[in-house]
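1. Build the 3D model from these lines:
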Amino acid sequence: MNRKTLSILSYITIIGWIIAFVKSKDLTPKSDLVTYHLKQGLGIFVVSFVVNILLSIVVFTVSSLYFLNYIGYAIFILWIFGIINAANEQKKPIPVIGKAFEDKFGFID
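-> Here you go, the predicted model:
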């Protein structure tokens, strides 16, 4: 697989991320683009997981706050931005949350 495909695949479910992570180890020379999008993809998965758990607890506890579930749509839009950046082969962070993951997840390097 080429750099662009692996970059896009790093956003497509956690299984796609694992495949992109394993295949990125085979690339010579090591691709900064793939590494960058692996970090961004894992970051958005972690944020999505945590936010969904917290929202489930809050909405279950106080059912009148059901409108908070629309935050999931915002995360989906951020995910789309990540895929677009990967498809354009750009190393741009995901809006709002992407900068936080640029220097995290050292095991990906």
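2. only C-alpha atoms for contact and neighbour calcs from this point on.
-> Noted.
3. Could you report the separation of N69 from V59?
-> Distance of N69 to V59, given as CA to CA, to the nearest Å: 8 Å.
4. Kindly report the same for D26.
-> 44 Å.
5. These two - which one has more neighbours?
-> Each of D26 and V59 had its neighbours counted (other CA atoms under 10 Å), and the higher figure belongs to V59 (15 against 10).
6. buried sites along the helix or strand containing that one?
-> When elements are assigned from DSSP states H and E, V59 belongs to helix 32-61. By neighbour count with 16 or more other CA atoms under 10 Å, helix 32-61 contains the buried residues 33-45, 48, 51, 55-56, 58.
7. what about it, distance to the chain center?
-> 7 Å (CA atoms, centre = their mean, to the nearest Å).
8. Once you drop chain neighbours, what's closest to G41?
-> In space, G41 comes closest to Y11 once its chain neighbours are excluded; the distance is 4.9 Å by CA to CA, 6 or more residues apart in numbering.
9. Next, the contact list for that neighbour, please.
-> Taking CA atoms under 8 Å, 6 or more residues apart in numbering as the contact definition, Y11 lies against 17, 37-38, 41-42, 79, 82-83.
10. now do E89
-> By CA under 8 Å, 6+ apart, the contact set of E89 is 4, 7, 33.
11. quick one: it from H37, how far?
-> The value you get for E89 to H37, if CA to CA is used, is 10 Å.
12. What's the separation between A100 and P93?
-> Separation of A100 from P93 (CA to CA): 9 Å.
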